[in-house]
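*Asks:* Provided below for reference: sequence and predicted model.
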Amino acid sequence: MISFFGLTWVLHSILKLPLFNTMFTVAFYGGLTELGQYYLGFRNGEFKDFFFDLIGISMFGIIRWSILMYRNRSGNRL
């Protein structure tokens, strides 16, 4: 969860893509990694891991969206 929060943060900061596009892309990546782990054999690809990845991505999205709404509403540029 924490790693996908950080990954979303880094990619959103570096690539400067819209928030939704970044979140969707990282969620797709998370799904592919779990699918790959399922077929590798020595790793366990589990749905609960993907669910926690989505929680980390969503946490970043909610925090970032809240910051953007605060900035737009108050006119502050932090």
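*Replies:* That came through fine.

*Asks:* contact partners of stretch 11-19?
*Replies:* In this structure, residues lying in contact with stretch 11-19 by CB atoms under 8 Å, 6 or more residues apart in numbering are 22, 25-26, 60-61, 64-65, 68. All C-beta spots, glycine's among them, are computed from the backbone N, C-alpha and C.

*Asks:* try 10 Å
*Replies:* Under the contact criterion CB atoms under 10 Å, 6 or more residues apart in numbering, stretch 11-19 has outside partners 8, 21-26, 29, 60-61, 64-65, 68.

*Asks:* which of those sit farthest apart?
*Replies:* 29 and 68 (23.1 Å; CB to CB).

*Asks:* Buried residues, the longest helix along the chain. List them.
*Replies:* Taking DSSP state H as the criterion, the chain has its longest helix at helix 47-74. Within helix 47-74, the residues scored as buried using 16 or more other CB atoms under 10 Å are 49-50, 52-54, 56-61, 64.

*Asks:* And for stretch 24-42?
*Replies:* 25-27, 29-30, 33-34, 37.

*Asks:* Keep only those of those that are in helices.
*Replies:* Judged by DSSP H, the buried residues of stretch 24-42 include 25-27, 29-30, 33-34, 37 as members of helices.

*Asks:* Lowest pLDDT pick from those residues?
*Replies:* Of all these, residue 37 carries the smallest pLDDT score, 87.

*Asks:* circling back to that earlier point, can I get the buried residues of helix 47-74 in CSV including pLDDT and distance to residue 4?
*Replies:* Formatted as CSV, the buried residues of helix 47-74 follow (pLDDT from 0 to 100; distance: CB to CB, whole Å):
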residue, pLDDT, distance to residue 4
49, 91, 10
50, 93, 10
52, 94, 8
53, 94, 4
54, 95, 8
56, 95, 4
57, 96, 5
58, 96, 9
59, 96, 9
60, 96, 8
61, 95, 11
64, 94, 14
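
*Asks:* from the residues you listed, which is closest to residue 43?
*Replies:* Among the buried residues of helix 47-74, residue 49 lies closest to residue 43 (CB to CB), at 9.8 Å.
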